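[1] Okay, here's the prediction I keep looking at, along with the sequence it came from:
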Amino acid sequence: MDTAEISKPRLVSLTEDADKSPDDELLQLVQTLPKEQGWAVSNLYLYQDFWCTAHFLKPLISFQRHFRAFDSDVIVATFPKCGTTWLKALVFSTLYRNQFARKDTPLLSFTPHQLVRFLEHDLYLNNSCPDLENICVYKPRLFATHVPHASLPASVKDSNCKIVYLCRNPMDVFVSLWLFTDKLREENQEPLSLDKVFDKFCRGIYIYGPFFDQVLGYWKASQENPDKILFLKYEDLKEDISCQLKHLAVFLGVPFTEEEEKQGVVEEIAKICTFEKLQELEVNRKGLFITGVPNKDFFRKGEVGDWSNYLTPAMVERLEKLIQEKLDNSGLTFKLSSTASDA
Ligand code: PAP
């Protein structure tokens with residue numbers, strides 16, 4: 001393999017030391033991992049049973065080796081395109097609501113991804129031991145990750161830190177992933193073939209995939225330890241955000257007081273975090289995310305059931321079968337449209 005694959009990102013130079021040669025240890029590891037072509041350009045490597053790019057292996061391993069969780073930490077965990085941006089905004093606004101005037105919420109000036117930073121592909125990207133105490137302006141510390149439960153650092157699993165996990169129905173996740181990834185391709189590249197990427201998605205080949213393994217990993221862990229892991233669904237947030245926000249606040253140990261409820265604080269937080277509100281903010285319309293992706297690409301449609309505008313009946317049938325097969329006897333169900341009941 002080419003060493004550049006480890007050290008250089010595909011879109012922009014992410015790191016000041018991107019041209020430094022990577023550890024031999026890492027190179028050796030990558031050479032032993034099963035490899036598949038990714039959806040856009042980068043190859044994917046199967047590391048600890050999930051797919052990831054060579055470039056993100058180094059920060060991922062640093063996160064796994066060096067991160068020490070505090071009991072007070074909160075970690076937002078998601079599979080990509082399950083509503084990460086929304087969940088970051090909601091948890092940030094709920095947890096820190098008494099640390100700033102709501103009319104001056106930092107969400108007006110910073111993107112949710114700047115306020116709640118990813119551990120493995122942001123904080124540990126350029127630094128194997130970032131100074132998290134100083135980086136985290138608000139306390140308790142709040143982080144984000146896409147890493148599967150089984151691969152989280154031991155201190156996250158063994159401490160009393162809390163994890164808020166958000167999942168979404170796989171049909172909408174797939175469409176969101178496909179349209180997002182299609183924007184990442186180089187100008188001279190063909191558009192991503194829906195058939196090809198759909199087949200890869202069904203075979204679990206996407207960054208952080210397989211989807212079902214990750215979702216079920218967090219689902220089972222949340223069932224075993226509901227005080228530690230709160231398992232939320234995008235469709236439920238869409239259906240009744242106030243109820244879900246109250247539930248979230250109780251889980252985080254900062255329940256809304258009667259006074260706050262009377263003052264409409266819950267509704268205010270829900271409103272500033274809506275797709276429409278966040279999408280129209282200048283900070284989310286301009287600038288680039290750390291990987292070089294435009295911030296605006298994190299706001300596409302934000303609906304339940306948009307898959308029906310893209311997937312063929314054969315694709316729907318294949319995914320429905322997969323959902324049935326993978327979730328059988330797990331007790332986990334997904335709502336596939338805003339009007340349907342759970343499937
Ligand atoms: P990430 O996991 O790559 O960080 P994530 O935020 O999960 O990104 O993905 C963006 C999706 O969340 C988009 O879904 P769509 O393609 O189906 O439209 C985006 O529109 C949606 N999204 C972003 N912000 C919100 C929000 N405030 N409310 C609801 N959905 C949102």
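    Okay, I see it. Numbering: from 1, shown residues only.
[2] how many neighbours does the nearest residue to residue 140 once chain neighbours are set aside have?
    With CB to CB, 6 or more residues apart in numbering as the criterion, residue 140 has its nearest non-adjacent residue at 4.0 Å, and that residue is residue 72. Heads up, the C-betas are built off the backbone N, CA and C, glycines and all. Neighbourhood size, residue 72 [other CB atoms under 10 Å]: 13.
[3] before we move on, what about residue 27?
    If we define neighbours as other CB under 10 Å, then residue 27 has 15 of them.
[4] Repeat that for residue 187.
    The local packing count at residue 187 equals 4, with neighbours defined by other CB under 10 Å.
[5] pLDDT score for it?
    We have a pLDDT of 77 for residue 187.
[6] Is it in a helix, a strand, or coil?
    Classification of residue 187 into helix, strand or coil gives coil, according to DSSP: H, G, I helix; E, B strand; the rest coil.
[7] Next, it: phi, psi?
    Note on residue 187: its backbone torsions stand at phi -60, psi -40 [degrees, to the nearest 10].
[8] for residue 55, same thing?
    phi -60, psi -40.
[9] ok, so what distance separates it from residue 34?
    17 Å (CB to CB, to the nearest Å).
[10] Those two - which one has more neighbours?
    residue 55 (23 against 9).
[11] Would you check how far apart that one and residue 273 are?
    Taking CB to CB, one finds residue 55 at 31 Å from residue 273.
[12] can you check residue 154 too?
    Distance from residue 154 to residue 273, counting by CB to CB: 32 Å.
[13] Could you do residue 230 as well?
    Using CB to CB, residue 230 is found at 17 Å from residue 273.
[14] more neighbours, these two?
    Taking other CB under 10 Å, residue 230 and residue 273 do not tie; residue 273 has more neighbours (25 against 21).
[15] from memory the more buried one sits against residue 87, does it?
    No - here residue 273 lies out of contact with residue 87, judged by CB atoms under 8 Å, at a distance of 9.0 Å.
[16] Show me where the chain has its strands.
    If DSSP state E is used as the criterion, the strands of the chain fall at 35-37, 43-47, 50-52, 74-78, 142-145, 162-167, 229-233.
[17] May I see those strands arranged in a markdown table, with mean pLDDT and distance to the ligand as well?
    Below are the strands of the chain laid out as a markdown table (pLDDT from 0 to 100; distance: least, CB to the nearest ligand atom, whole Å):
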| stretch | mean pLDDT | distance to the ligand |
| --- | --- | --- |
| strand 35-37 | 94 | 20 |
| strand 43-47 | 95 | 16 |
| strand 50-52 | 96 | 14 |
| strand 74-78 | 98 | 5 |
| strand 142-145 | 98 | 8 |
| strand 162-167 | 98 | 8 |
| strand 229-233 | 98 | 12 |
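[18] Quick one: these as TSV, columns for distance to residue 104 too.
    Supplementary listing: these in TSV, determined by distance: least, CB to CB, whole Å:
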stretch	distance to residue 104
strand 35-37	47
strand 43-47	42
strand 50-52	38
strand 74-78	22
strand 142-145	18
strand 162-167	24
strand 229-233	27
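[19] Which of those strands sits closest to residue 328?
    Comparison of these against residue 328 by CB to CB identifies strand 162-167 as nearest, at 16.8 Å.
[20] So what touches the closest one?
    Outside strand 162-167, the residues that touch it by CB atoms under 8 Å, 6 or more residues apart in numbering are 73-79, 82-84, 86-87, 91, 156, 215, 218-219, 222, 228-234, 237, 248, 251-253, 334.
[21] Please list the residues of this protein that sit near the ligand.
    78, 80-86, 172, 176, 273-275, 278, 298-302, 306 (CB under 6 Å from any ligand atom).
[22] now these: which count as buried?
    When burial is judged by neighbour count using 16 or more other CB atoms under 10 Å, the buried members of the residues of the chain next to the ligand are 78, 80-86, 172, 176, 273, 275, 278, 298-300, 302, 306.
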